[in-house]
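A.B. asks: got a predicted model here, sequence first, then my questions.
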Amino acid sequence: MLFQGGAKPDPNLQGVPFVTDLAQTPQDKQAIEFLYIGQGIGRPFIAPPGLPADRLRMLRNAFNATMKDPSFIAEVKKRKYSLDPESGGDLEALIKKAYATPKPIVERIAKLIQ
């Protein structure tokens, strides 16, 4: 493999360069990160803005507990699905990073993927 792409390196591909390692400038790195950010978000569960902190914590704790539940994991394996969940905090950070991407970089990526 020449390199691996995605929102973060795959630990099973040790020794294979990660795409952002190949960026030549900070702007290139930011553009690549923006391009791949959707892969890190995947298929999220979302809640409305302004959700009280205690409810958000409850939903995140319930989700995390489900992802560790032996019955749930067995069902996932039975159906031959993959299970590699991200925490709510990690997804929140990715979304904030996407929104913080400077407009010129977003426009650069938009032009490239047209």
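C.D. replies: Looks like it came in fine. Numbering: from 1, shown residues only.
A.B. asks: and the gap between the residue nearest to the spatial centre of the chain and L91?
C.D. replies: Nearest to the mean C-alpha position of the chain, by Cα atoms, centre = their mean, lies G40 at 1.7 Å. Distance, G40 to L91, using Cβ to Cβ, to the nearest Å: 8 Å. Every C-beta, even on glycine, is put in place using the N, C-alpha and C of the backbone.
A.B. asks: need the helices for this protein, in chain order.
C.D. replies: Secondary structure of the chain (DSSP state H): helices at 26-41, 53-68, 70-78, 88-100, 103-112.
A.B. asks: ranking these by burial, who's on top?
C.D. replies: helix 26-41 (a mean of 16; mean count of other Cβ atoms under 10 Å).
A.B. asks: and for that helix, what's in contact with it?
C.D. replies: Applying Cβ atoms under 8 Å, 6 or more residues apart in numbering, the contact partners of helix 26-41 are 5-8, 19-20, 23, 86, 90-91, 94-95, 97-98, 101-102, 105-106, 108-109, 112-113.
A.B. asks: and it, average pLDDT?
C.D. replies: Mean pLDDT, computed over helix 26-41, is 91.
A.B. asks: just the CA trace of that helix, in PDB.
C.D. replies: C-alpha atoms of helix 26-41 as PDB (Å, rounded to 0.1, in the frame of the first residue of the first chain):
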ATOM      1  CA  PRO A  26      -0.200  23.000   7.000                       C
ATOM      2  CA  GLN A  27      -3.000  24.100   4.500                       C
ATOM      3  CA  ASP A  28      -2.600  20.800   2.600                       C
ATOM      4  CA  LYS A  29      -2.900  18.900   5.800                       C
ATOM      5  CA  GLN A  30      -6.000  20.800   6.800                       C
ATOM      6  CA  ALA A  31      -7.600  20.200   3.300                       C
ATOM      7  CA  ILE A  32      -6.900  16.500   3.600                       C
ATOM      8  CA  GLU A  33      -8.400  16.300   7.100                       C
ATOM      9  CA  PHE A  34     -11.500  18.200   5.900                       C
ATOM     10  CA  LEU A  35     -11.800  15.800   2.900                       C
ATOM     11  CA  TYR A  36     -11.800  12.700   5.100                       C
ATOM     12  CA  ILE A  37     -13.800  14.100   8.100                       C
ATOM     13  CA  GLY A  38     -17.000  12.400   6.900                       C
ATOM     14  CA  GLN A  39     -15.400   9.000   7.300                       C
ATOM     15  CA  GLY A  40     -14.800   9.700  10.900                       C
ATOM     16  CA  ILE A  41     -18.400  10.800  11.500                       C
END
